[in-house]
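S.K.: Build me a model:
(chains A and B)
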Number of protein chains: 2
Amino acid sequence: MPQLRKDPIVDRWVIIATERGRRPSDFAHDPVRVDDRSCPFCPGNEHMTPDEVFAVRDGDGAPWSVRVVPNKFPALEIEGGLDREGVGMFDQMNGVGAHEVVIESPDHQAELCEMPAEQIVKVLTTFQHRVEDLRGDPRFRHTVIFRNYGSVAGASLSHPHSQLIALPIMPQLVRAKLQAAREHYAHKERCIFCDLIKQELDFGDRLVAATDYFVTVSPFASRFPFELAVYPRRHCHDIVLATEEETWALAHTLIDILGRMKSTLDNPAYNMIIQTSPSIRPRPGRPDYWGTIEMDYHWHIEIFPRLTKMAGFEWGTGFYINPVAPEEATQHLRNSRRQAVAS
Amino acid sequence: MPQLRKDPIVDRWVIIATERGRRPSDFAHDPVRVDDRSCPFCPGNEHMTPDEVFAVRDGDGAPWSVRVVPNKFPALEIEGGLDREGVGMFDQMNGVGAHEVVIESPDHQAELCEMPAEQIVKVLTTFQHRVEDLRGDPRFRHTVIFRNYGSVAGASLSHPHSQLIALPIMPQLVRAKLQAAREHYAHKERCIFCDLIKQELDFGDRLVAATDYFVTVSPFASRFPFELAVYPRRHCHDIVLATEEETWALAHTLIDILGRMKSTLDNPAYNMIIQTSPSIRPRPGRPDYWGTIEMDYHWHIEIFPRLTKMAGFEWGTGFYINPVAPEEATQHLRNSRRQAVAS
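M.R.: Sure, this is the predicted structure:
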């Protein structure tokens, strides 16, 4: 069973998941990548994965077009109780959680930014279904949806896929966002993200793309070169509540911005994270009460192409050095569209 | 001039340092490494670096054995005022700070874990001098000392060196440690690090090495496989106050643990960070008052071999997945000493 452990000094949890473990000598090289012919995510190889927990099919008996399976090497395990425990000054609990893989297409070679919008809509709808379902489990506080593209970004299989992890702990970074949003709302009765979107639309120099439904910016304090954030224009705390119109619009936005990133940066590895509302809202009076969340939080997507290396300074401080101003990144990404249109 | 920018939602600063900038096409490959024959850190090539700010020499006119120069591609610039400014809801200031390189040896091929202890003592003494000197500048709040070893860890030159960055902002992660230490002291009138050291000596299963002066553990909530933390046994908030005996003992500890890490993990890339007391202590009543710091804080060193990749989950949550339990890492590192002694 994996373990969740809390740093005794700073408020940071880690998952010690030795079931994924390797011997010291295994770290010298990248993990071996599965040969494409024996890809466990390809149709016909369904027996190579754990049983599916969800799938999209165009009709009864039709082949799947999106398939969700438990991760074969899960960071957290679905069965068991939390068994919170103190060990001297240390805090730990069982590594209980869900770790699922969303296989985004039967096509091994497909790339998200080149899929038909209809296929991406199926993927987004799958995220909504899975998040909603995992919220039903009272052990879980939050579900994170993320996509690792390319080996540098942590992907070990090239077949297009995303992952979901449902956690029994609210992650530090998500908590910081939720708290900031709640404090802003308490002072101003406005959503901090709505304020930010309005300001970025006014300024314009970090505005990578804007449609009737979604606004994409290169954030003012980008940690990484060409970092992107995608916000729905309509105030909403939860991707589960995105309408059908919005999921179609988001599919088109993702095709657009990931395509521009691909052409501008020569197909970079990237990470994409969907930040949405937590799973549960504890009672008023508790420090983790998210009482005004419908008003104060605003779901969004973060995308980081993996172009720079983290070094000692960043690890030791939580302070980032970014060699490309977001205004410059925005220019490059905007020009990329013009080229694409011109060609 | 680089810029410091604060994320408007979470308390996170970034340095936008476009002087270090690259074109989008430059990110496709690693930066070109300097040919060893034209290494700017080698004796005879002193003209290739900015003028030295400090050096250790065995006598007047003797060649240098440790040399400190401003970084040729600084993340922050030494001249100028902070010019704090709000831009709508955003906060920014000039990227004022110091960014120095400590050339640890004239020998291009030297490795820290194989240097004579005497040479490492000179490096540590140099850190003490530079931190003390940078504290004299009232613009700076904190100085970070770090070492990037190997390309994966962010080193762009192989000649042995460390770096110092003096910042006008207290970094988030350092602030979190200082606050936790202060709160613990306020409750218990004990140093949280002293408590931790005592407990790890009692438990023993994460104890990698212990001498009369230093204790090395693989932390309970290690973020990374084979992460290490080195604590001086004597309570002290500041590496500048380490005694001559302690710097000699630390040199021997570094040779020991970095040597074991090298043999266990086949010479991994790593980052090392020295966490010491901040530069200034503002007045009581201010939120960043470090009034009891001499009693509550405890300087220490963090070491992370770079064996795993950060992926979407980690970036999106601040939650880490570590596939090697620190107790297991401790066993491997202890066995490595036995092998070394046996051979």
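
S.K.: tell me which residues in stretch A:323-336 are buried?
M.R.: Buried positions in stretch A:323-336, judged by neighbour count with 16 or more other C-beta atoms under 10 Å in any protein chain shown: A:Pro323, A:Val324, A:Ala325, A:Pro326, A:Glu327, A:Glu328, A:Ala329, A:Thr330, A:His332, A:Leu333, A:Ser336. In this view, the C-beta of every residue, glycine as well, is placed from N, C-alpha and C.

S.K.: Of those residues, which ones also sit close to chain B?
M.R.: A:Pro323, A:Val324, A:Ala325, A:Pro326, A:Glu328, A:His332 (C-beta under 8 Å from any C-beta of the partner chain).

S.K.: Can you name the residues bridging to the residue nearest the centre of chain A?
M.R.: The residue lying closest to the centre of chain A (C-alpha atoms, centre = their mean) is A:Ile273, at 2.0 Å. On the basis of DSSP bridges, A:Ile273 is bridged to A:Phe146, A:Glu302.

S.K.: could you pull out the helices for chain A?
M.R.: A:117-135, A:172-188, A:192-203, A:244-265, A:293-296, A:312-317, A:326-342 (DSSP state H).

S.K.: Of these, which stretch is the most buried?
M.R.: Of the helices of chain A, the one with the most neighbours on average (mean count of other C-beta atoms under 10 Å in any protein chain shown) is helix A:312-317, at a mean of 24.

S.K.: Need the residues that contact that helix.
M.R.: A:319-321, B:75, B:144, B:146-148, B:153-154, B:163, B:165, B:167, B:171-174, B:271-273, B:275, B:302, B:304 (C-beta atoms under 8 Å, 6 or more residues apart in numbering or on different chains).

S.K.: Quick check: most distant residue from the centroid of chain A.
M.R.: Among residues of chain A, the one most distant from the C-alpha centroid is A:Gly88; the distance is 34.5 Å, by C-alpha atoms, centre = their mean.

S.K.: any idea how far that one lies from chain B?
M.R.: 5 Å (C-beta to the nearest C-beta, to the nearest Å).

S.K.: so who does the residue nearest to that residue when sequence neighbours are not counted touch?
M.R.: Leaving aside its sequence neighbours, A:Gly88 sits nearest to B:Gln199 (C-beta to C-beta, 6 or more residues apart in numbering or on different chains; 4.8 Å). Listed by C-beta under 8 Å, 6+ apart, the contact set of B:Gln199 reads A:Gly88, A:Met89, A:Phe90.

S.K.: Take the buried residues of stretch A:323-336 and write them to JSON lines, including distance to B:Glu294 and pLDDT.
M.R.: Output for the buried residues of stretch A:323-336, formatted as JSON lines (distance: C-beta to C-beta, whole Å; pLDDT from 0 to 100):
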{"residue": "A:Pro323", "distance to B:Glu294": "38", "pLDDT": "90"}
{"residue": "A:Val324", "distance to B:Glu294": "41", "pLDDT": "93"}
{"residue": "A:Ala325", "distance to B:Glu294": "41", "pLDDT": "94"}
{"residue": "A:Pro326", "distance to B:Glu294": "41", "pLDDT": "95"}
{"residue": "A:Glu327", "distance to B:Glu294": "44", "pLDDT": "96"}
{"residue": "A:Glu328", "distance to B:Glu294": "45", "pLDDT": "95"}
{"residue": "A:Ala329", "distance to B:Glu294": "44", "pLDDT": "95"}
{"residue": "A:Thr330", "distance to B:Glu294": "47", "pLDDT": "96"}
{"residue": "A:His332", "distance to B:Glu294": "50", "pLDDT": "95"}
{"residue": "A:Leu333", "distance to B:Glu294": "50", "pLDDT": "96"}
{"residue": "A:Ser336", "distance to B:Glu294": "55", "pLDDT": "88"}
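
S.K.: Now render those residues as TSV, adding distance to B:Cys191.
M.R.: Shown next, in TSV, are the buried residues of stretch A:323-336 (distance: C-beta to C-beta, whole Å):
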residue	distance to B:Cys191
A:Pro323	38
A:Val324	41
A:Ala325	42
A:Pro326	41
A:Glu327	45
A:Glu328	46
A:Ala329	44
A:Thr330	47
A:His332	49
A:Leu333	49
A:Ser336	54
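
S.K.: how many other residues sit next to the closest residue to chain B within the stretch 1-150 of chain A?
M.R.: The minimum distance from the stretch 1-150 of chain A to chain B, using C-beta to the nearest C-beta, falls at A:Phe146 (3.1 Å). Residues lying near A:Phe146 (other C-beta atoms under 10 Å in any protein chain shown) number 23.

S.K.: close enough to count as contact, it and B:Met310?
M.R.: No. Contact criterion C-beta atoms under 8 Å: A:Phe146 and B:Met310 do not qualify, at 11.4 Å.

S.K.: still on that earlier bit, ok, now which ones touch the residue farthest from the centre of chain A?
M.R.: Taking C-beta under 8 Å, 6+ apart as the test, what A:Gly88 contacts is B:Gln199, B:Asp202, B:Phe203.

S.K.: Of these, just say which sits nearest to chain A.
M.R.: Nearest member of these to chain A, counting by C-beta to the nearest C-beta, is B:Gln199, at 4.8 Å.
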